[in-house]
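In: Sequence first, then the predicted structure:
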Amino acid sequence: FAPKQLVGEHVLVTAGPTFEAIDPVRGITNLSSGKMGFAIARAARAAGAEVVLVAGPVHQPTPRGVRRIDVVSAQDMLAAVQQEAEAATVFVATAAVADWRPARSATQKIKKDGSGEVPSLGFVENPDILASVARSARARDGQLYCVGFAAESEDLLAHARAKRERKGVPLLVGNIGPATFGRDDNALLLVDADGHRELPRASKQALAQQLVAEIATRLRHTRSA
Ligand code: C5P
């Protein structure tokens, strides 16, 4: 029995890595498995929300009852998120968005020409999807509650606090090491305006349910404020 804590809410989740093309057969990505984001989408659906999941390239089954939009690059993810955020009341950004993309993506495969010369890659910064949504009018008016994630290798609390401020989100969730990518378990550090608390190590699905409950509590508070 799952308590229906999110009935009437529209939850938008990003998950997985992004893939930034170098040419039609090569690109840059990272080791995000998408497990945490998919677990959150599943838990939000079980709690009664309508759920849209914007997923980078991952091998995860779509949770039952969840509308999934597959994207490749950070720019694709931003476009999908901006469109879906218009109807959302909660946005949870778990995606490990590539910070940079190749400045130019070749339309044809880059060939080895036998000279031993190697191509050089220039990069440009990708848009910050979470920060851009958190700056939107609906988020600033309190109609859209934004949650960010942070994966840090040291000083998690300090970095999570700073990231919460920088991104302009009410709730920032830190992944407590060791590196969580691909694992089935995790431990989370929740940082909000009132302080911080830890959700001890558990399966990502159990943590997702606890996080959904925490979000539901905070929504009730913001709505009644
Ligand atoms: O700055 P950093 O990448 O550590 O921030 C992590 C948080 O911001 C995560 O919630 C992630 O999904 C989100 N993010 C994003 N777009 C980016 C970079 C990060 O939405 N380009």
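Out: Received it, and whenever you're ready, just let me know what you need.

In: Near the ligand, which residues of the chain? Just list them.
Out: Proximity of the chain to the ligand, by Cβ under 6 Å from any ligand atom, involves residues 14, 74, 93-95, 97, 126-130, 148-150, 163. (Glycine included, C-beta is placed from N, CA and C.)

In: mind running it again at 8 Å?
Out: Proximity of the chain to the ligand, by Cβ under 8 Å from any ligand atom, involves residues 14, 74, 77-78, 81, 93-99, 126-133, 147-152, 163, 166-167, 172-173.

In: Now restrict those residues to buried residues only.
Out: The neighbour count (16 or more other Cβ atoms under 10 Å) marks 14, 74, 77-78, 81, 93-98, 126-131, 133, 147-152, 163, 167, 172-173 as buried among the residues of the chain next to the ligand.

In: where exactly do the strands run in this protein?
Out: 10-15, 20-23, 26-28, 50-55, 67-70, 90-93, 100-102, 123-125, 145-151, 171-175, 185-192, 195-203 (DSSP state E).

In: taking those strands together, which one is wrapped up most tightly?
Out: strand 10-15 (a mean of 28; mean count of other Cβ atoms under 10 Å).

In: could you dump the top helix by length along the chain to CSV, C-alpha only?
Out: Counting by DSSP state H, the longest helix found in the chain is helix 204-224. Extracted C-alpha coordinates of helix 204-224, given in CSV (Å, rounded to 0.1, in the frame of the first residue of the first chain):
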residue,chain,number,x,y,z
LYS,A,204,17.4,3.5,-4.7
GLN,A,205,13.7,2.5,-4.8
ALA,A,206,13.3,2.7,-1.0
LEU,A,207,15.1,6.1,-1.0
ALA,A,208,13.0,7.3,-3.9
GLN,A,209,9.8,6.6,-1.8
GLN,A,210,11.3,8.4,1.2
LEU,A,211,12.3,11.4,-1.0
VAL,A,212,8.8,11.5,-2.5
ALA,A,213,7.3,11.6,1.0
GLU,A,214,9.8,14.4,1.9
ILE,A,215,8.8,16.4,-1.2
ALA,A,216,5.1,15.9,-0.4
THR,A,217,5.6,17.3,3.1
ARG,A,218,7.4,20.3,1.8
LEU,A,219,4.7,20.9,-0.9
ARG,A,220,2.1,21.0,1.9
HIS,A,221,4.1,23.5,3.8
THR,A,222,4.7,25.8,0.8
ARG,A,223,1.0,25.6,-0.2
SER,A,224,-0.2,26.5,3.2
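
In: How far away from the center of its chain is it?
Out: Relative to its chain's centre, helix 204-224 lies at 16 Å (Cα atoms, centre = their mean, to the nearest Å).

In: So which elements touch it?
Out: helix 35-46, strand 90-93, strand 145-151, strand 171-175, strand 185-192, strand 195-203 (3 or more Cβ pairs under 8 Å, 6 or more residues apart in numbering; DSSP states H and E).
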